[in-house]
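**Student:** missing the sequence, but the structure's below:
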């Protein structure tokens with residue numbers, strides 16, 4: 001997607017975050033919950049998204065985006081787990097979901113979405129690869145290979161689905177603070 005493209009989210013158009021020097025949001029195309037036409041008396045928008053360019057610094061940018069969004073949604077208790085889950089989802093997408101050609105084809109080949117539902121939060125990362133996530137059993141001395149295990153440990157559920165016309169979305173859910181609610185069921189089985 002070029003930076004001049006638009007997407008509709010709750011009847012608003014995302015803005016380029018890097019065009020606003022005073023913006024606390026990470027670089028990329030972001031839907032800022034504060035920009036969704038809400039006043040101070042209405043509930044925050046249940047959706048926020050950020051386009052990422054596929055570079056290693058995207059994990060840091062994603063954590064920053066999560067922090068800002070969850071503060072605006074008054075969900076600070078979820079911050080530590082959500083930041084780690086999103087960081088792992090984004091890092092996996094950068095390392096395994098991009099080929100050189102797919103990263104060069106569009107300005108923002110990765111998308112991070114946060115969806116607030118009654119009782120739970122969904123963190124989703126879309127990338128252009130159709131390959132399913134593959135959990136590993138790393139050697140104890142290995143520095144990497146534990147991302148999906150961390151996501152499994154910190155989230156209530158996680159799964160993935162193919163995205164048309166190409167690619168996939170990997171998502172994880174975390175329970176919101178408050179009384180327990182039914183957990184969403186995965187759309188697909190986790191890879192073996």
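**Tutor:** Looks like it came in fine. Computed from a prediction, not measured in an experiment: that's the story for all the values here.

**Student:** in stretch 54-67, which residues are buried?
**Tutor:** Buried residues in stretch 54-67, defined by neighbour count with 16 or more other CB atoms under 10 Å: 54, 58-59, 61-67. Where C-beta positions appear, they are placed from N, C-alpha and C, glycine not excepted.

**Student:** between those, which is closest to residue 123?
**Tutor:** residue 66 (7.7 Å; CB to CB).

**Student:** separation between that closest one and residue 50?
**Tutor:** With the distance defined as CB to CB, to the nearest Å, residue 66 ends up 9 Å from residue 50.

**Student:** okay, now the unreliable bits of the protein?
**Tutor:** For the chain, applying pLDDT under 70 flags the ranges 1-45, 100-104, 142-145, 179-192.

**Student:** and the strands in it, which stretches?
**Tutor:** 15-16, 29-31, 47-52, 110-117, 120-127, 157-162, 168-175 (DSSP state E).

**Student:** now those in JSON lines, with distance to residue 95?
**Tutor:** Output for these, formatted as JSON lines (distance: least, CB to CB, whole Å):
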{"stretch": "strand 15-16", "distance to residue 95": "25"}
{"stretch": "strand 29-31", "distance to residue 95": "22"}
{"stretch": "strand 47-52", "distance to residue 95": "13"}
{"stretch": "strand 110-117", "distance to residue 95": "11"}
{"stretch": "strand 120-127", "distance to residue 95": "10"}
{"stretch": "strand 157-162", "distance to residue 95": "15"}
{"stretch": "strand 168-175", "distance to residue 95": "13"}
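
**Student:** to residue 73, which of those strands lies closest?
**Tutor:** strand 110-117 (5.9 Å).

**Student:** buried stuff in the closest one?
**Tutor:** 110-114, 116.

**Student:** output the contacting helices and strands for that strand.
**Tutor:** Counting contacts by 3 or more CB pairs under 8 Å, 6 or more residues apart in numbering; DSSP states H and E, strand 110-117 packs against strand 47-52, helix 58-72, helix 79-96, strand 120-127.

**Student:** bridge partners for residue 172, pull those for me.
**Tutor:** Taking DSSP bridges as the rule, residue 172 bridges to residue 123, residue 158.

**Student:** what comes up buried for stretch 158-176?
**Tutor:** 158-160, 167-176.

**Student:** fine, thanks again, bye for now.
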